[in-house]
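*Asks:* pasting the structure only:
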């Protein structure tokens, strides 16, 4: 399910179609930024990336992360506070890539490698880590481990076929 060339960060693949559909509008009041271009429906994907700040200090899970709460608490049990820093939605045709800077100055790049055997293949590059994650339509996975402001950055990826 996961191919990693470097492993300084934690990547968890959770197939979680029960999260339900997500939507994002440019400049929406919930902080979701709209990403790049047009998508060919047959092989395109929609990727919702939520940038989360995890800390070990008590604080709970921010209300806007409620649908991710059980996954965050289970996957990152040593952290007790989760706040959303940003959310971004990108629609990518096969071969298309999106890039943006994370709060710690690291650049995240992800590319749609197309569909294979019912899985979307998403290639990620962040801070020297290069990995490809295979995720089912409607699936969720986390990529985490980069230090930030007394905690770490957790990236939650929700992936859907663009139709």
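*Replies:* Here it is on my side, so go on. Here the structure is a predicted model, which means the values were calculated and not measured.

*Asks:* hmm, what's the outermost residue in this structure?
*Replies:* In terms of distance from the mean C-alpha position of the chain, residue 58 ranks first, at 23.7 Å (C-alpha atoms, centre = their mean).

*Asks:* measure the closest residue to residue 149 other than its chain neighbours to residue 108 for me?
*Replies:* What sits nearest to residue 149 in space, not counting adjacent residues and going by C-beta to C-beta, 6 or more residues apart in numbering, is residue 53, at 6.7 Å. Every residue, glycine included, has its C-beta placed from N, CA and C. Shown here: residue 53 relative to residue 108, a distance of 15 Å by C-beta to C-beta, to the nearest Å.

*Asks:* and residue 144, by the same measure?
*Replies:* Residue 144 sits at a distance of 12 Å from residue 108 (criterion: C-beta to C-beta).

*Asks:* joint contacts of the two?
*Replies:* Counting by C-beta atoms under 8 Å, 6 or more residues apart in numbering, the common neighbours of residue 144 and residue 108 are residue 155.

*Asks:* buried residues in stretch 83-101, which are they?
*Replies:* Residues 83-84, 87-94, 96, 98 are the ones in stretch 83-101 that count as buried (16 or more other C-beta atoms under 10 Å).

*Asks:* just give me how far that stretch sits from the chain centre.
*Replies:* Here the centre of mass of C-alpha atoms in stretch 83-101, compared against the chain's by C-alpha atoms, centre = their mean, to the nearest Å, lies 8 Å away.

*Asks:* same question, stretch 70-88
*Replies:* 12 Å.

*Asks:* what pLDDT, on average, does it get?
*Replies:* In this model, stretch 70-88 carries a mean pLDDT of 97.

*Asks:* how long is it end to end?
*Replies:* This stretch, stretch 70-88, spans 21 Å end to end (C-alpha to C-alpha, to the nearest Å).

*Asks:* how about stretch 131-140?
*Replies:* Taking C-alpha to C-alpha, the span from the opening residue of stretch 131-140 to its closing residue is 16 Å.

*Asks:* likewise stretch 54-71?
*Replies:* Across its full length, stretch 54-71 reaches 13 Å end to end, with C-alpha to C-alpha as the criterion.

*Asks:* show me which residues of that stretch are buried.
*Replies:* Applying 16+ other C-beta under 10 Å to stretch 54-71 flags 54-55, 61, 65, 67-68, 71 as buried.
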